[in-house]
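Novice: Give me a model of this one.
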Amino acid sequence: MSSIIIQSGKYKRNCIIKIIFFIFSLVLLSIITFFLIELYKWDVLDPEIDTLKSLLLYLLIPTILLVSILTALTVNDYRNYFIRRSYIKEGRSYLSLADIFQNENRINILRKILDNPGIHHNELLRSCDLKKGQLQWHIDTLLKHCIVKKEKYGQYTIYFPITTSAEAIEVFKNKFAKSKTTLEVLNTIKKHPGINSGEISRILNLSRNSIKYHIDKLLKQHFIRLEKKGRVNELYLTIP
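Specialist: A predicted model of the protein is given here:
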């Protein structure tokens with residue numbers, strides 16, 4: 001860790017030194033330009049003034065080149081410092097921002113979140129084919145680097161790209177709230193784990209076709225799961 005801190009300190013010091021030289025070069029450039037303008041205003045044939053003009057012109061060209069070089073170096077060093085300045089501890093190793101996108105599992109998780117904003121934890125676990133500890137490790141990395149963000153939706157943790165607006169998240173959260181029947185079906189399954197569609201139809205006094213529609217919606221979103229017991233399909237919450 002000490003070597004990382006030393007490297008980060010060196011980048012910071014180099015950046016500051018080059019910025020100071022850059023500012024000094026700009027000041028020098030401004031002075032030379034000012035005197036050149038003033039000298040060319042004098043319409044006088046004087047060998048000494050002509051010599052001074054030539055000297056200032058010779059100084060102007062290398063100063064412009066110096067400013068250009070320092071500008072390029074300063075921007076490049078600042079970019080490198082910004083990339084390297086943030087590290088998070090992962091056991092005994094440290095990850096830079098540049099390292100985050102070099103892991104295939106993290107890329108896969110990020111792709112799932114980008115393709116399905118509002119995806120919940122268990123669906124990520126299923127679709128990414130990772131163990132719980134592995135998934136949590138990679139998600140924590142993405143969260144700490146502000147690449148994704150998480151929200152609570154009832155008993156579920158759902159994930160969004162960091163660029164998702166608060167308004168879009170609220171629209172997602174209200175998607176099921178607007179469907180009273182879907183919520184009633186979900187709550188019935190929560191109260192009666194292992195219940196089947198026929199029992200839900202009887203409890204809610206709705207047709208089987210209507211119940212099937214809402215069950216299919218919940219299954220598609222992976223809020224519930226179906227277990228076949230003989231000829232009966234039992235329904236459970238994905239997260240008990």
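
Novice: Assign T181 to helix, strand or coil.
Specialist: helix (DSSP: H, G, I helix; E, B strand; the rest coil).

Novice: got a list of what it touches?
Specialist: 204, 206, 210, 214 (CB atoms under 8 Å, 6 or more residues apart in numbering). Placement of C-beta: from N, CA and C, glycine included.

Novice: For the last one, report the pLDDT, please.
Specialist: Spelled out, that is H214. Listed pLDDT for H214 reads 88.

Novice: likewise the third one?
Specialist: Per-residue pLDDT puts S210 at 86.

Novice: what's the helix or strand for it?
Specialist: Using DSSP states H and E, S210 sits within helix 208-220.

Novice: Pull out the buried positions in that helix.
Specialist: Using 16 or more other CB atoms under 10 Å as the test for burial, helix 208-220 gives 211, 214-215, 217-218.

Novice: follow-up on the earlier one: and which of the contacts of T181 is nearest to K149?
Specialist: Using CB to CB, H214 comes nearest to K149 of those, at 29.1 Å.

Novice: That closest one reaches V185, doesn't it?
Specialist: Yes - look at H214 against V185 with CB atoms under 8 Å: they come within range, at 4.4 Å.

Novice: so who does the residue lying closest to P193 once chain neighbours are set aside touch?
Specialist: By the measure of CB to CB, 6 or more residues apart in numbering, the closest residue to P193 outside its immediate chain neighbours is Y236, 5.2 Å from it. By CB under 8 Å, 6+ apart, the contact set of Y236 is 189, 193-194, 224-225, 227.

Novice: Looking at neighbours, which among those is most surrounded?
Specialist: I189 (23 neighbours; other CB atoms under 10 Å).

Novice: Can you name the residues that contact that one?
Specialist: Applying CB under 8 Å, 6+ apart to I189 gives the contacts 195, 200, 218, 224, 235-237.

Novice: Kindly reformat the residues you listed as TSV and extend each row with distance to H120 and secondary structure.
Specialist: Below are the contacts of I189 laid out as TSV (distance: CB to CB, whole Å; DSSP: H, G, I helix; E, B strand; the rest coil):
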residue	distance to H120	secondary structure
I195	21	strand
I200	22	helix
L218	12	helix
I224	12	strand
L235	17	strand
Y236	15	strand
L237	11	strand
